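In: Sequence plus the predicted model coming up.
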Amino acid sequence: MVFKRYVEVGRVVLVNYGPDAGKLATIIDIVDQNKCLIDGPSTGVARQVIPYGRIALTDLTVKISRNARQKSLTAAWTEADVLAKWESSSWAKKLAAKKKRASLNDFDRFKVMVARKQKSSIIAKKMKEIAA
């Protein structure tokens, strides 16, 4: 398996720490070996220098020049359809499921437990029929 997620201008990243945690942004410029300049025009991430430890590189890229203005970055995001591609990725789906699970109250968790029990009982019955 070849490594394909390089730190490069135009790479879409997920901020994983700080006030912008969970939001998408794009690498605009590389400051040094520890930091980069990011901007998230349609996700609400302000242009800022951020250490690499606080971002996660995604498979998505957009075609932009170094230090691109916000207007050209927004145009590149809409052209590349970044948000739709992100929402269809398994990573985004896992994050959404995790967020939904965290927001459940006690009764919702109980309903999930009962549904899991019913599902496993149905599966066990079918497996018993197949084995017999």
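Out: Thanks, I have it.
In: quick one: contacts for G10?
Out: Contacts of G10 were listed using C-beta atoms under 8 Å, 6 or more residues apart in numbering, and they are T26, I27, T61, V62, K63, I64, A76. Using the backbone N, CA and C atoms, a C-beta is placed for each residue, glycine as well.
In: dump the residue contacts of the fourth one.
Out: The neighbourhood of V62, defined by C-beta under 8 Å, 6+ apart, consists of G10, V12, T26, L73, A76, W77, E79, A80, V82.
In: returning to that earlier point: export the contacts of G10 as CSV, with columns for distance to A115 and secondary structure.
Out: Shown next, in CSV, are those (distance: C-beta to C-beta, whole Å; DSSP: H, G, I helix; E, B strand; the rest coil):
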residue, distance to A115, secondary structure
T26, 40, strand
I27, 42, strand
T61, 40, strand
V62, 41, coil
K63, 45, coil
I64, 46, coil
A76, 43, helix
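In: with those in mind, which one is nearest to S121?
Out: The nearest member of the contacts of G10 to S121, counting by C-beta to C-beta, is T61 at 46.9 Å.
In: average pLDDT for the lengthiest helix in the chain?
Out: Criterion DSSP state H: the longest helix present in the chain is helix 106-131. Averaging pLDDT along helix 106-131 yields 96.
In: mind listing what's buried in that helix?
Out: With burial defined by 16 or more other C-beta atoms under 10 Å, not one residue of helix 106-131 is counted as buried.
In: Quick check: P41 vs K128, distance?
Out: 56 Å (C-beta to C-beta, to the nearest Å).
In: Oops, could you answer that again for A25 instead?
Out: A25 is 52 Å from K128, by C-beta to C-beta.
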